[in-house]
Structures are given as structure tokens and as C-alpha cells.
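Trainee: Provide a 3D model corresponding to the input given below.
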Amino acid sequence: MSKLKLGPIADEKPIKVQVELPAALHQDLSDYADLLGREQGLPAVEPARLIVPMLQRFIATDRGFSKARRTKTQNASD
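Mentor: Have a look, this model is predicted:
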């Protein structure tokens, strides 16, 4: 089985945000949740719980964002 990019889903105190997802994206999240559960030997998590770790991973690995953030921080300290 292929290694998925997400690991275990942390259970943190949330801040409520409401979004509407296209049905196809929700189905993709459901499929991902099922595969993630199988890979970890656990039941599938609620698909909505994948959104936060996916966004965190996306932001953490976006080189353009990291560079822009560093530039902004450096300019603010000048």
C-alpha cells in the first residue's frame, strides 16, 4: 500500500469555521479517510477532520508561501 501524506489526526481544541465543499471533493475526502484508516489499522475518521491537517501540510510544504513569509518578516523588522 502507498504511504499517505497525512499521519494520525490530532484532537485539538478547534475554532469553528463553516465551508461548503463540492460533492466530488467530499467524496475524495471520504475515500482518503477510509484509506488512511486502513493504513493505520483504525476506522475511518470523519472526512471533515482531514481538512485541517491537509491545510497544515499544504502550508508547511509551500515553498513560495515560506519565502514570502520570511521576506515579510524581514521587511517588518527593518
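Trainee: assign Pro43 to helix, strand or coil.
Mentor: Under DSSP: H, G, I helix; E, B strand; the rest coil, Pro43 falls in the coil class.
Trainee: pretty sure it contacts Leu36?
Mentor: No - counting by CB atoms under 8 Å, Pro43 does not reach Leu36; the two are 10.2 Å apart. C-betas here are computed from N, CA, C, even on glycine.
Trainee: more neighbours: these two, which one.
Mentor: In terms of neighbours (other CB atoms under 10 Å), Leu36 is the more surrounded of Pro43 and Leu36; the figures are 20 against 9.
Trainee: check what pLDDT the more buried one gets.
Mentor: Leu36 carries a pLDDT value of 92.
Trainee: 689 is where my numbering starts, stick with that
Mentor: Okay, residue one is now 689; in that scheme the one you just asked about reads as Leu724.
Trainee: alpha carbons only: can I get the helix or strand hosting it in PDB?
Mentor: Leu724 belongs to helix 711-728 when assigned by DSSP states H and E. Output of helix 711-728 as PDB, limited to C-alpha atoms (Å, rounded to 0.1, in the frame of the first residue of the first chain):
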ATOM      1  CA  ALA A 711     -19.700  16.900  -3.600                       C
ATOM      2  CA  ALA A 712     -16.800  15.400  -5.600                       C
ATOM      3  CA  LEU A 713     -14.300  16.800  -3.100                       C
ATOM      4  CA  HIS A 714     -16.300  15.500  -0.200                       C
ATOM      5  CA  GLN A 715     -16.200  12.000  -1.800                       C
ATOM      6  CA  ASP A 716     -12.500  12.300  -2.200                       C
ATOM      7  CA  LEU A 717     -12.100  13.200   1.500                       C
ATOM      8  CA  SER A 718     -14.300  10.200   2.400                       C
ATOM      9  CA  ASP A 719     -12.200   7.900   0.300                       C
ATOM     10  CA  TYR A 720      -9.000   9.400   1.800                       C
ATOM     11  CA  ALA A 721     -10.400   9.000   5.300                       C
ATOM     12  CA  ASP A 722     -11.100   5.300   4.500                       C
ATOM     13  CA  LEU A 723      -7.600   4.700   3.100                       C
ATOM     14  CA  LEU A 724      -6.000   6.500   6.000                       C
ATOM     15  CA  GLY A 725      -7.900   4.400   8.500                       C
ATOM     16  CA  ARG A 726      -6.900   1.200   6.700                       C
ATOM     17  CA  GLU A 727      -3.300   2.200   6.500                       C
ATOM     18  CA  GLN A 728      -3.200   2.900  10.300                       C
END
